[in-house]
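Visitor: Task: produce atomic coordinates for the following.
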Amino acid sequence: MIPTRKLSQTASPRMGEDKKDLESLLPRSQETPPKGEPLHAQEHSRLILGLPVQLVAGAAYCAASASMVLLNKATLSSFDFNAPIALLFFQCFVCVILVRACSLLGFIKLEPWSFKIAQVWMPVNLIFVGMIWTSFFALKNLGVPMATVLKNVTNLFTIVGDYLLYGKVYGAGVWASLALMCASALCGSITDLAFDLEGYLWQLVNCLFTASYSLYLRGVMDRVVALTVNKTRLDEFSMVYYNNVLSLPLIAVLMWWYGEVHGLLEQPALRNPVFLVAACASSLVAFSISFASLWFLSTTTATSYSLVGSLNKIPVAVIGLVAFNVPWSLENLASIMVGLVAGIVFVKAKSQPVQK
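Guide: Presented below is the predicted three-dimensional model:
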């Protein structure tokens, strides 16, 4: 599985502009052009099916991101399947197979497997497994709209971590939007007609794991540079490959710990073709997010990338509200929408330079 979402959009520790956070994931040959030249300058005139490449890439990214959330929610909540960790194992396994297949076919170039890189990467992977594991349990117990809004708490943990670990300072607009997001999450939980304490706790733990992954990955990416063949940072596909390969034994241990191994094949959902299609589709979409996110990021700026991701949460929340018949009130819906809008304001405020 590839939480892109949301997931691994980080860079090395530095005091420079925030817009480089996402662009640093691109391979060195595609990194940010000299200052003053837009990242997508050479791509600006390209068309796909008569449409600008930025629009097509953005649509692909939005579709993959939204589909991932909705398909996972469907497979976890709409079928009689009580082995969510096994589903996570399946998604990671499919991802490994597909990444290797694309590499063998020449579609992508992977960093050769190195046990030295794996050793350095293992602490990151432990956090990664915690992140995707807790996200599954949170989504299983929460409605899509509230899970989407509560995910904003990750920004608070990340900003505080940035300040404590790297000394980064943000302007008043960032803190104001964070306060609005937290107030929205609090009001949303109070007015949530389907309040589930377990789901809320899982989501808060997930926010901690997600922020920790983002913050810790920055330093590890720099340490890995000396171990790669070309002495550059790992590109996103290589990170996806290492994350998922190293995740499989850890997730297998979690399956055993939670007793999912015994009786797994007797799960009624495994005889439901609709569930099997949904599980396979979610695995394919999880894999496709890496391609879609990297493609979109290569055609636009990091700020636009983040802004589109925040805007995309609004239709995801609305579709999740309708598709899964989530009980709601006007107050709860208003809190959710305020939180989503605050997320958009946060992206814009974070992209602005801090006034000295």
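
Visitor: Pull the number of nearby residues for residue 79.
Guide: 18 (other C-beta atoms under 10 Å). C-beta: built from backbone N, CA, C; applies to glycine.

Visitor: Pull up the gap between it and residue 131, please.
Guide: To residue 131, residue 79 is 24 Å away according to C-beta to C-beta, to the nearest Å.

Visitor: Please apply the same query to residue 282.
Guide: Residue 282 is 17 Å from residue 131, by C-beta to C-beta.

Visitor: for residue 276, same thing?
Guide: Counting by C-beta to C-beta, the gap from residue 276 to residue 131 is 26 Å.

Visitor: Just the CA atoms from stretch 129-138 would do, formatted as CSV, please.
Guide: Output of stretch 129-138 as CSV, limited to C-alpha atoms (Å, rounded to 0.1, in the frame of the first residue of the first chain):
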residue,chain,number,x,y,z
VAL,A,129,3.8,0.2,9.0
GLY,A,130,2.4,1.9,12.0
MET,A,131,1.0,4.7,9.8
ILE,A,132,-0.8,2.4,7.3
TRP,A,133,-1.9,0.0,10.0
THR,A,134,-3.5,2.6,12.1
SER,A,135,-5.1,4.3,9.1
PHE,A,136,-6.9,1.0,8.3
PHE,A,137,-8.4,0.7,11.8
ALA,A,138,-9.3,4.4,11.8
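
Visitor: Of residue 276 and residue 131, which one has the most company?
Guide: residue 131 (25 against 14).

Visitor: Touching, that one and residue 210? I think so.
Guide: Yes. The criterion here is C-beta atoms under 8 Å, and residue 131 meets it with residue 210 at 5.2 Å.

Visitor: Now do the helices in the stretch 1-150 of the chain.
Guide: Remark: helices assigned in the stretch 1-150 of the chain by DSSP state H, counting those that start in this stretch are 20-23, 53-77, 84-104, 115-141, 144-150.

Visitor: Let me know the angle separating the second one from helix 115-141.
Guide: Okay, so that is helix 53-77. 70 degrees (axes from the mean of the first three to the mean of the last three C-alpha atoms, to 10 degrees).

Visitor: and the angle for helix 53-77 with helix 84-104?
Guide: 150 degrees.

Visitor: Give the buried residues for helix 53-77.
Guide: 53-54, 56-58, 60-62, 64-77 (16 or more other C-beta atoms under 10 Å).
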